[in-house]
Structure formats: C-alpha cells, structure tokens
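In: Sharing a model prediction with you, sequence too.
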Amino acid sequence: MSQIDNLPPLREVIATHGLRAKKELGQNFLLDLNLTARIARVGGSLEGVRVIEVGPGPGGLTRALLAEGAREVIAIERDARALPALAEVAEAYPGRLTVIGGDAMDMDYRLLADGPTRIVANLPYNIGTQLLTGWLTMEPWPPFFESLTLMFQREVAERIVAKPGEDAYGRLGVLAGWRADARIAFNVGRQAFVPPPNVTSAVVHIVPKPVEEGLPVKLVEQVTKAAFGQRRKMVRQSLKSLGVPVEGLLAAAGLKGDERAEDLPIEAFLAMARALPGLR
Ligand SMILES: C[S@@+](CC[C@H](N)C(=O)[O-])C[C@H]1O[C@@H](n2cnc3c(N)ncnc32)[C@H](O)[C@@H]1O
C-alpha cells in the first residue's frame, strides 16, 4: 500500500512539522500504511463507529482509522507540535476528526463516547498500563466502549492475556481476565517504529464481558495486590498484609493456604474479594 489518502507521506509530515521523536512522550511512530491499516481492522469493521485514539502524533494510525471507515475519530494528543499536522488530517476528512490537545491521563472518557465507541491506540509506553487499568476498572461495567485495540511492549501484552500458572500471570491478568476477553492480535517488530524501541511490541485486543454486579473493583484489587505482593510465597502468608483473618478468606475461596497466587484461578480472587467486607 503506497497511499490511502491525498495527504503527504508520514516521513514528509514528520519533517515538515519538525516532529523529532521525544523519548519522554513515548514517541515511537508508525509509518507503514499496511501495518496501521491492519491495526485499524483488528476490531472488525469500523463503519458507524466512533474511535477514541490516544496519542495520534503525526497521524499515521489516525489516517488509517479514517480511511478504514470510522464514522469519526476523537484523538487526544499532548504534544502541541503535532497539532498542525493533525489539523491537515482533519481538513482532509471534513467533520470526522476532532483533536483534543491535552493529557490522556486527565480525560473523562465516558464524556467522549457517542454511539458505538472503541478505543484504538499505539500507546506511549510510559503510561500504557496506567491507562489500561483505568479503562478496565471503569464503573459501571460493561463500560461505554465496545473494545480496546492497543499497542504495548510484548512483555506487557503477555501480562494482560496471561492465564493461571503462566509466568506472566499477575494483577493485570486477573483484572483483564475477570472483566474482558483479551488476546494478542499480532506482534510488531522494533523496526516498524521510528525510532525503534528497545523491545518487540504487540497489539492486544480486549472486549469487555459482563461481570457479577456489586463486587467492587477495589476489593478485588486489594486481594490481588496482597496475593501477588509476595508472589512466590504461599497465599496464607501473602494475604496477611490485608489485616483480616486469613482463614476466613481461604475458606471463602476453598483454598488450603499452601497455594501460590500465580496458580490461583481468577474465581478464587473474586471469592476472596466477596468475603472481604464481612471479615473487616
Ligand atoms: C507511541 S507514539 C504513537 C504515535 C502515533 N499514534 C503512531 O502510531 O505513529 C505515542 C503518542 O502519544 C503521545 N502522548 C504521550 N503522552 C501523552 C499523554 N499523556 N496524553 C496524550 N498523548 C500523549 C505522544 O506525543 C505520541 O504522539
């Protein structure tokens, strides 16, 4: 694919607008149109969909989302240097791109939803997990978005999709596995980015699923924080930091206490979270 619209090639956009990548903003740009189109298509057809994109930068993925048929894109970019380049994209797709100049960490994403809404982003690596945790812990659940399609470092992607017994299984895997179906769509090599990051990346696709009502995320997070805080220890020991009678928690989850957090099914963490208030 050599062209998807009448806008200048991304290398030219970067040169014209002086978008020298800044490390502190997690800037690793994607210039390959085949790759950006592939990311845009991970969640299926974009017809009629509003996409929220974090960190459009020079606009490569943004252009792919628009060219692939997204009804509209709301893009949040912190780097003011990128705004003129994005204004050109907005002009090429009249009425379909809104750029918010600001910090993605400060957004109330619910206010940005309108009809079928998805979040798609090549995330700045330094705030990726924090943003993901924010989206996965939204209330009410299922949330306003149909899906998340996100680029992470491969190691983070593995933690998101990890299952009990796997090395990468931890707090993030419990949270994602409890509230969503998450899969790695494909890996992306370092050379796909300008500049290349230090490690391989992967695109993760996450689709929320219904959960039991009335179980506060906070309680689940308290249990997983304690359990995985000392992941090599037996849960009888690691759960002590919760400051409640551990035997009551173990009983609620049908555990003996000699298990390790990394081997427990998600349901065991949920059962302990349900028992927490009664034990306080
Ligand atoms: C990995 S680059 C992706 C750029 C572009 N989407 C691409 O795929 O080529 C991350 C982008 O997020 C932006 N960014 C970094 N921190 C941000 C923040 N707190 N809020 C919004 N955007 C941010 C960076 O300026 C950069 O444009």
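Out: Nice, I can see it. Residues are numbered from 1 along each chain as shown.

In: CA only for contacts and neighbour counts going forward, please
Out: Will do.

In: element containing the residue nearest the centre of the chain, please.
Out: Residue closest to the average C-alpha location in the chain (Cα atoms, centre = their mean): Leu132, at 3.7 Å. Leu132 is part of helix 128-136 when elements are defined by DSSP states H and E.

In: Do me a favour and average the pLDDT over that helix.
Out: Confidence for helix 128-136, expressed as mean pLDDT, is 98.

In: The helix or strand of the chain with the lowest mean pLDDT packs against which elements?
Out: Least confident helix or strand, the chain: helix 266-279 with a mean of 94, by mean pLDDT, DSSP states H and E. Judged by 3 or more Cα pairs under 8 Å, 6 or more residues apart in numbering; DSSP states H and E, the packing partners of helix 266-279 are helix 171-179, helix 217-229, helix 246-253.

In: how far away is the residue nearest to the centre of the chain from Val156?
Out: Look at Leu132 and Val156: by Cα to Cα, to the nearest Å, they are 11 Å apart.

In: One more: Thr200?
Out: For Thr200, the distance to Val156 - Cα to Cα - is 10 Å.

In: Pick out whichever of these two has more residues nearby.
Out: Using other Cα atoms under 10 Å as the criterion, Thr200 and Val156 rank with Val156 on top: 20 against 16.

In: which one of the helices and strands packed on helix 266-279 is the most hemmed in?
Out: helix 171-179 (a mean of 22; mean count of other Cα atoms under 10 Å).

In: and that helix with helix 217-229, angle?
Out: Angle of helix 171-179 versus helix 217-229, following axes from the mean of the first three to the mean of the last three Cα atoms, to 10 degrees, is 140 degrees.

In: Next secondary structure element downstream of helix 171-179?
Out: Downstream of helix 171-179 (by DSSP H and E), the next one is strand 180-188.

In: per-residue confidence averaged over the helix or strand following that next one?
Out: Per DSSP H and E, strand 180-188 leads on to strand 193-194 as the next helix or strand towards the C-terminus. Here strand 193-194 scores 98 as its mean pLDDT.

In: repeat for stretch 70-79
Out: Mean predicted confidence for stretch 70-79 is 98.

In: ok, residues contacting it?
Out: 25, 46-57, 62, 65-66, 83, 95-104, 112 (Cα atoms under 8 Å, 6 or more residues apart in numbering).

In: what do you get if the cut-off is 7 Å, keeping everything else the same?
Out: For stretch 70-79, contacts defined as Cα atoms under 7 Å, 6 or more residues apart in numbering pick out 46-57, 96-104.
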